[in-house]
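1. Quick check, what structure comes out for this input:
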Amino acid sequence: MRKPVVDLTLLCLVVSLLISCANKTDDAIRLATEYKRAQFDVSHYDYAGNATPEVVGQAREVMAPFLTDKYLDYQTRNRTLILPVQLSNKLKAAPALDDLTFSVFSKEEGRVELDYGVNVTFQNENVGDAKALKMEGRITLVKEGGAWKVDYDNFNAADWFGALLE
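-> So this is what the prediction gives:
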């Protein structure tokens, strides 16, 4: 008679553990989605074509809630932090995101890697031309102070910097 009770208890424990892991992944995907949207929201930048310390400071302030300190410094040094702002200025168009998708590549305690893809269109209504770019990559998120943060975002940067240099 005790065996069914033990089996039921074990089953409940396993189910609650699976639900807990799924919720952790959902939280990581939610943060990654917010990060990508913030990355391409250029509406709050005062940018006239130069990567001034003020623009970089604005970008750091906007992106700090999403990134680890180490990765924020890395993105600042290599100018990836302001890449969407620079492209938006060059193309005279605000970016629009479409089909942002994530899938779990790997997960372990306090760390999740997500593969992602997103279509980004820079549409200039005055000119009528649109520039479409696909961003694909893998985001590494870590738990920091109880919250998910992006620790690295490896994407097809050559395509994006190439578009900036066209």
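
2. count of residues packed around Ala28?
-> Ala28 has 24 neighbours, counted by other C-beta atoms under 10 Å. Where you see a C-beta, it was placed from the backbone N, CA and C, and this is true even at glycine.

3. same thing with Gln86?
-> Gln86: 20 neighbours (other C-beta under 10 Å).

4. cool, and Ala51?
-> Other residues lying near Ala51 total 15 when counted by other C-beta under 10 Å.

5. Relative to Asp73, how far out is it?
-> From Ala51 across to Asp73, the span is 16 Å (C-beta to C-beta, to the nearest Å).

6. Grab the nearest non-local neighbour of Val42.
-> The shortest distance from Val42 to any residue other than its chain neighbours is 4.5 Å, reached at Ser88 (C-beta to C-beta, 6 or more residues apart in numbering).

7. Around the one you found, count how many other residues there are.
-> 20.

8. Was I right to think it contacts Pro95?
-> Yes. At 6.0 Å, Ser88 and Pro95 qualify as touching, with contact defined as C-beta atoms under 8 Å.

9. just to revisit the earlier point, so which helix or strand takes in the residue nearest to Val42?
-> For Ser88, the host element (DSSP states H and E) is helix 83-91.

10. ok, residues contacting that helix?
-> Helix 83-91 has contacts (C-beta atoms under 8 Å, 6 or more residues apart in numbering) with 39-40, 42, 45, 47-49, 51, 55, 59, 79, 94-95, 122, 124, 131, 160-161, 163-164.

11. same thing with stretch 121-132?
-> Contacting residues not belonging to stretch 121-132 are listed as 87-88, 91-96, 98, 119-120, 133, 163 [C-beta under 8 Å, 6+ apart].
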